[in-house]
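[1] take a look and give me a structure for this.
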Amino acid sequence: SKMQKYAEEAVTEHLGGTLQPAFMAERSRKAHPPFSNDLTVSEINDILNTSIRRTERYRSMSSAGKSFQEIKKSFDKAIPMSVFTWKGVRDTVMSPLDSLKHYKSFFRAGFMAMEPASGKIKAYVGGPDYRYFQYDMVNGGRRQIGSTIKPYLYSLAMIEGISPCDEMLHVQQRLTDENGRLWEPRNSNKKRIGEMVSVQLGLQNSDNWVTAWLMSQLSPYTFVRLLHSFGLKNEMDPVVSICLGTPDVSVGEMVSGYTTFANKGIRVEPLYVTRIEDPYGNTIANFNSQMSEVLTEDASYKMLHMLKNVIDGGTGGRIRARYGIKAPMGGKTGTTQNNSDGWFMGFTPSLVSGVWVGGEDRSIHFDRMSEGQGASMALPIYGLYMQKVYADKTLGYSQEEDFDIPEQYQNPCKMATEEERKQTPADVGGIDKMFE
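    Below is the predicted model:
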């Protein structure tokens, strides 16, 4: 219950205290707030009309035989109402249509934390405030995952014999799909263009060009198979652009997937219920976590090394610099097109957590990446949560806890010999062996 309380507090503190005020300041500069200036008036009206049809007011009036135009007209009439604000419920007078826009202005969030060994859920926050936002963004909602998909692709690369130390020329990649269409991904990182950079550096800095280069060495079909083994349940098109996080995935699935990196290659399904008892205390049923091997131990240690570097010197560095957390951990940030979704995945040896933050509609987002990236939108919730967890000594979590990593895997680049780097995928077994 304490960990649940800390998770709710972390969501409230970041959304209400930091993110929402920043968005409301930007909102005042939008032509049709809270929607992006990229949308036309017609597109905005389509979104609002869809939202109207989802309301209880619409269902009630429609059942009474009212036409859509009559119903829509009623949404323009101002009436007294109470609305949610982060400073408390406010009594006001506004039209139901303005009320819809008011609630669309608020950023939503989903947060889940679980034990990687047992699968037991330690905290679950489906949204900002259940009284006003009743859509569960942990398992009900699905959004594009952006760069948080990259560790899954890098895992495939490790299985196929690619090393964290392998290098590629840091230039824009040109990939062709099965239909002959050219795909040239953009990259926010403008450093070291034209130089040789390592695979490890690519993940550490969430570099799109390194990721696209890896995709060019691998099969999108094989990658989709691996994504399903990581627990991502949606149907996904095996296209080259999938490597940058186009699939829609739930927070719950992502947290389960990342247990693989804390568990030496073993993925654990979330365990929401441990047992069911009757009114007299008799146990009717017991439930245990379901586990499956996703990665070889060799590949999992290499991934753990790279994901720790994301926190210690990469895109997740704010965990150290801003929140002062010293505990050994791995993680990954994620940001989707137009800053519509911000993600952060973080894990220690005994706790794996995932955060998503975004608007109800993808057209509601920050214009600037400095505010809209995952490191700004989602990471702070994880940072605040872990601060609170570590501060409560009664919970038993310690910043001294470390991953059990064999000495030869402490730095995979030092252990890589020329012979290992010359091995072909066939020499190391490859992904097909994993799926035998």
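
[2] my guess is residue 371 contacts residue 25, does it?
    No. Taking contact to mean CB atoms under 8 Å, the distance of 9.9 Å between residue 371 and residue 25 leaves them out of contact. For every residue, glycine as well, the C-beta is placed using N, CA and C.

[3] looking at those two, which is more packed in?
    Taking neighbours as other CB atoms under 10 Å, residue 371 and residue 25 compare with residue 371 leading, 18 against 10.

[4] would you put the C-alpha positions of the helix or strand harbouring the more buried one in CSV?
    Using DSSP states H and E, residue 371 sits within helix 369-372. Provided in CSV are the C-alpha atoms of helix 369-372 (Å, rounded to 0.1, in the frame of the first residue of the first chain):
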residue,chain,number,x,y,z
MET,A,369,11.2,18.3,-27.9
SER,A,370,12.9,19.7,-24.8
GLU,A,371,9.5,19.5,-23.0
GLY,A,372,7.9,16.7,-25.0
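
[5] which element follows it toward the C-terminus?
    Counting by DSSP H and E, the next helix or strand C-terminal to helix 369-372 is helix 374-377.

[6] next, count neighbours for the closest residue to residue 397 other than its chain neighbours.
    If you skip the residues right next to it in sequence, residue 397 has residue 389 as its closest partner in space, 5.4 Å away by CB to CB, 6 or more residues apart in numbering. One way to gauge burial is a neighbour count; for residue 389, by other CB under 10 Å, it gives 25.

[7] what is the helix or strand hosting residue 389 packed up against?
    In this assignment (DSSP H and E), residue 389 forms part of helix 379-391. In this structure, helix 379-391 makes packing contacts with helix 2-14, strand 108-114, helix 318-321, strand 341-348, strand 351-358, judged by 3 or more CB pairs under 8 Å, 6 or more residues apart in numbering; DSSP states H and E.

[8] CSV for those, including distance to residue 406, mean neighbour count and mean pLDDT?
    CSV is the format used below for the helices and strands packed on helix 379-391 (distance: least, CB to CB, whole Å; neighbours: other CB atoms under 10 Å; pLDDT from 0 to 100):
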stretch, distance to residue 406, mean neighbour count, mean pLDDT
helix 2-14, 31, 19, 98
strand 108-114, 25, 27, 98
helix 318-321, 25, 17, 97
strand 341-348, 19, 29, 98
strand 351-358, 21, 29, 98
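
[9] among the ones you listed, which is nearest residue 100?
    For these, proximity to residue 100 was assessed by CB to CB; strand 108-114 is nearest, at 14.7 Å.

[10] rewinding a little: so how far is the helix holding residue 389 from its chain's centroid?
    Relative to the chain's own centre, helix 379-391 is displaced by 16 Å; criterion: CA atoms, centre = their mean, to the nearest Å.

[11] taking strand 108-114 as reference, get the angle to that helix.
    Between helix 379-391 and strand 108-114, the angle comes out at 40 degrees (axes from the mean of the first three to the mean of the last three CA atoms, to 10 degrees).

[12] about what we covered before: which one of the helices and strands packed on helix 379-391 lies closest to residue 224?
    Taking those one by one with CB to CB, strand 341-348 is closest: 19.8 Å.

[13] the closest one to helix 379-391, inter-axis angle?
    Strand 341-348 and helix 379-391 meet at an angle of 30 degrees, taking the same axes, to 10 degrees as the criterion.

[14] how far off centre is strand 341-348?
    In terms of CA atoms, centre = their mean, the gap separating the centre of strand 341-348 from the centre of its chain is 5 Å.

[15] gap between the one residue sitting closest to the centre of the chain and residue 137?
    Within the chain, the residue whose C-alpha comes closest to the C-alpha centroid is residue 343; the distance, by CA atoms, centre = their mean, is 3.6 Å. Taken as CB to CB, to the nearest Å, the spacing of residue 343 relative to residue 137 amounts to 12 Å.

[16] any common contacting residues for the two?
    Taking CB atoms under 8 Å, 6 or more residues apart in numbering as the contact criterion, the residues that touch both residue 343 and residue 137 are residue 356.

[17] nearest to residue 377, of the helices and strands packed on helix 379-391?
    Across the helices and strands packed on helix 379-391, residue 377 has its closest neighbour in strand 341-348 (2.9 Å, CB to CB).

[18] what packs against the closest one?
    Packed against strand 341-348, as judged by 3+ CB pairs under 8 Å, 6+ apart, are the following elements: helix 251-262, strand 330-335, strand 351-358, helix 374-377, helix 379-391.

[19] in a markdown table: those, plus distance to residue 193.
    As requested, these are arranged in a markdown table below (distance: least, CB to CB, whole Å):
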| stretch | distance to residue 193 |
| --- | --- |
| helix 251-262 | 30 |
| strand 330-335 | 21 |
| strand 351-358 | 31 |
| helix 374-377 | 22 |
| helix 379-391 | 27 |
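
[20] re the thing from before, got the contact list for the helix holding residue 389?
    When contacts are defined by CB under 8 Å, 6+ apart, helix 379-391 is touched by residues 3, 6-7, 9-11, 13-15, 18, 109, 111, 113, 123, 316, 318-319, 322-325, 327, 331, 333, 344, 346, 351, 353, 355, 357, 395, 397-399.
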